[in-house]
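[1] give me a 3D structure for the following:
(4 chains)
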There are 2 protein chains.
Amino acid sequence: MPASPIAIPTNARSRRTRAALLDAAHHILEDVGFEALTMGAVADRAGVTRRAVYLHFANRAELVGALFDHIAAAEGLDASLAQVWDAPDAAAALDAWAQHLARYHPRLIEVDRALQRTWRQDPDAGAHRKRVAAEQLANCRRLARGLDDERRLALGWTAVSAADMLYALISSDVIERVLVDRGWSRRRLADQLALLFRSTFVA
Amino acid sequence: MPASPIAIPTNARSRRTRAALLDAAHHILEDVGFEALTMGAVADRAGVTRRAVYLHFANRAELVGALFDHIAAAEGLDASLAQVWDAPDAAAALDAWAQHLARYHPRLIEVDRALQRTWRQDPDAGAHRKRVAAEQLANCRRLARGLDDERRLALGWTAVSAADMLYALISSDVIERVLVDRGWSRRRLADQLALLFRSTFVA
DNA sequence: TCCACACTACACACCGTGTAAACTTCGTAT
DNA sequence: ATACGAAGTTTACACGGTGTGTAGTGTGGA
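    Numbers count the residues shown, from 1 in each chain, chains lettered A, B, ... in the order given. Modelled structure (predicted):
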């Protein structure tokens, strides 16, 4: 049994504290990195007992999961994605997708890593992982299907295989390797990524 | 100071134990995953005290670093790579590279993840990380330069930017997402990856 | 006003890392 | 063949993180 997650509270005081905890976690992640994201650190930063954190999140995995959604909202995931679906055609959507990745993903890299780590050691945390993966895959499918519908999908790809490959390429790791290890700018990442997508998937 | 690593011993007994430890670690990684790769587990499996592990590796990071090399050798990294450099031209080398990734990387995914994790929480472990990254980058540069020299590098890329992008695409994460999450076969991965590389980088 | 619930304070068990010191066993060089 | 030194054992610690238990304090909302 997946250890029922703690429900989001209706109570004012609770909601305040919960938000403070998520904000604290967010800041720790940005300022120090996910290694420092301990229950104690979050509690301290939120001005609350470590014990109180467990009144809001059953365990670290649950906190990190909630944090992901919190940050996605705070950083404007939906707004960033909207620009993709607003594109006039599928090829343009792919360009917008590259821009979206370069714009949005870097902000999520730390959480993403934290998530990756937690859900591996915590079989329970699989639910959240699955949800995120499903959302990402859905976006990729939409892109690939768009190309296919417009008959602009490159030879050698099907809507399914293109979606899978796009899904693989979302990996924060790729973005980090280029941004951090190789010192690219986001702008450059967006351009080169768009180029890669176009030459690979667009006929 | 980077806490000088423990030298590889000449002593027979030492070498035997050290090998046993690395083998034990290797098996744990394959059978259970890197979460189970604790000093205690490795010691148990090698039939040795936990304390003895510290006679061979200063800390967990050093063990994992050594393990990486151990596995690279055991799984035949050099042989796998040789097939890339044997290719008749740069484009064929890129195909061979895709095959190499699909063939070799899956075996290293677990260690790679373990490494990623350790070197983040252990500033000391940076040395090993740098070395691996440098080797990977050198390979990518060689591929990109090969294309460039043959004037077959696609528009929009330079030898440097192509190398960087190839380097980013090595990420075990990409391979895992497609192999594990999407259920691709290695064969399929190799083919689609080759296709991606060719259409992106080869004029 | 009063009650449930959020939160605190303090305490505990558990696990993993890394270190310490005194002891035993094994390899090997003479 | 033996004696020496390195490798390995045993037992024990300190430390930091997670997660739980429980009695008591405060605060929001009806």
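[2] show me where pLDDT drops low in chain A?
    A:1-3, A:123 (pLDDT under 70).
[3] at the contact with chain B, which residues of it appear?
    For chain A, the contact set with chain B under Cβ under 8 Å from any Cβ of the partner chain comprises A:33-35, A:113, A:117, A:120-121, A:133, A:154, A:156-157, A:161, A:164-165, A:167-175, A:177-178, A:181-182, A:184, A:188, A:192, A:195-196, A:199-200. Backbone N, C-alpha and C define where each C-beta goes, glycine included.
[4] so which of those residues also contact DNA strand D?
    Filtering the residues of chain A next to chain B for proximity to DNA strand D by Cβ under 7 Å from any atom of the strand leaves nothing.
[5] filter the residues you listed down to the buried ones, ChimeraX style.
    To isolate the buried members of these in ChimeraX, using 16 or more other Cβ atoms under 10 Å in any protein chain shown:
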select /A:34,113,117,120,154,156,157,161,164,165,167,168,169,170,171,172,173,174,175,177,178,181,182,184,188,192,195,196,199,200
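[6] in helices, which of the residues of chain A next to chain B fall?
    A:113, A:117, A:120-121, A:133, A:161, A:164-165, A:167-169, A:172-175, A:188, A:192, A:195-196, A:199-200 (DSSP state H).
[7] wait, a strand at A:Ala87?
    No. Per DSSP: H, G, I helix; E, B strand; the rest coil, A:Ala87 lies outside any strand segment and is coil.
[8] wait, it touches A:Ala98, no?
    No. The criterion here is Cβ atoms under 8 Å, and A:Ala87 misses it with A:Ala98 at 11.2 Å.
[9] neighbour-wise, which of the two wins?
    When A:Ala87 and A:Ala98 are compared for neighbours, A:Ala98 comes out ahead with 22 against 16, by other Cβ atoms under 10 Å in any protein chain shown.
[10] tell me which element that one falls in.
    Using DSSP states H and E, A:Ala98 sits in helix A:90-121.
[11] what angle do that helix and helix B:90-121 make?
    40 degrees (axes from the mean of the first three to the mean of the last three Cα atoms, to 10 degrees).
[12] which parts of helix A:90-121 are buried?
    A:90-91, A:93-120.
[13] mind listing what A:Met71 touches?
    In this structure residue A:71 is Ile, not Met. For A:Ile71, the contacting residues are A:26, A:29, A:107-108, A:111, by Cβ atoms under 8 Å, 6 or more residues apart in numbering or on different chains.
[14] that one: which element?
    Short version, using DSSP H and E: A:Ile71 is in helix A:60-74.
[15] closest one to B:Thr10 out of the contacts of A:Ile71, please.
    Comparing the contacts of A:Ile71 against B:Thr10 with Cβ to Cβ places A:Leu29 closest, at 46.0 Å.
[16] from chain A, which residue is nearest to DNA strand D?
    A:Ala12 (2.8 Å; Cβ to the nearest atom of the strand).
[17] interface residues of chain A facing DNA strand C?
    Counting by Cβ under 7 Å from any atom of the strand, chain A sits next to DNA strand C at A:9, A:11, A:13-14, A:16-17, A:47-49, A:51-52, A:55-56.
[18] isn't A:Val53 up against A:Asp44?
    No. Assessed by Cβ under 8 Å, A:Val53 is found out of contact with A:Asp44, at 10.1 Å.
[19] how about A:Phe34, what does it touch?
    A:110-111, A:113-114, A:117, B:120.
[20] circling back to that earlier point, now the buried members of the residues of chain A next to DNA strand C.
    By neighbour count, with 16+ other Cβ under 10 Å, the residues of chain A next to DNA strand C hold A:17, A:48, A:56 as buried.
[21] and the last one, how far is that from chain B?
    The one in question is A:His56. 25 Å (Cβ to the nearest Cβ, to the nearest Å).
[22] quick check: nearest residue in space to that residue, chain neighbours excluded?
    Take A:His56 and drop its neighbours on the chain: the residue closest to it by Cβ to Cβ, 6 or more residues apart in numbering or on different chains is A:Arg18, 5.0 Å away.
[23] roughly how far does the one you found sit from A:Pro9?
    As judged by Cβ to Cβ, to the nearest Å, A:Arg18 and A:Pro9 stand 7 Å apart.
[24] contacts for stretch A:138-148?
    A:81, A:84-85, A:89-91, A:93-94, A:97, A:153, A:157-160, A:162-164, A:166-167, A:170, A:201-202.
[25] could you redo the last one with a cut-off of 6 Å?
    A:90, A:93, A:97, A:153, A:159, A:162-163, A:166-167 (Cβ atoms under 6 Å, 6 or more residues apart in numbering or on different chains).
[26] about what we covered before: from the contacts of A:Phe34, which two are the most distant?
    Top of the distance list for these (Cβ to Cβ): A:Val111 and B:Arg120, 13.9 Å.
[27] tell me the buried residues in the helix holding A:Ile71?
    Buried residues in helix A:60-74 (16+ other Cβ under 10 Å): A:60-68, A:70-72.
[28] just name the closest of those residues to chain B, please.
    A:Ala61 (12.7 Å; Cβ to the nearest Cβ).
[29] thank you, goodbye.
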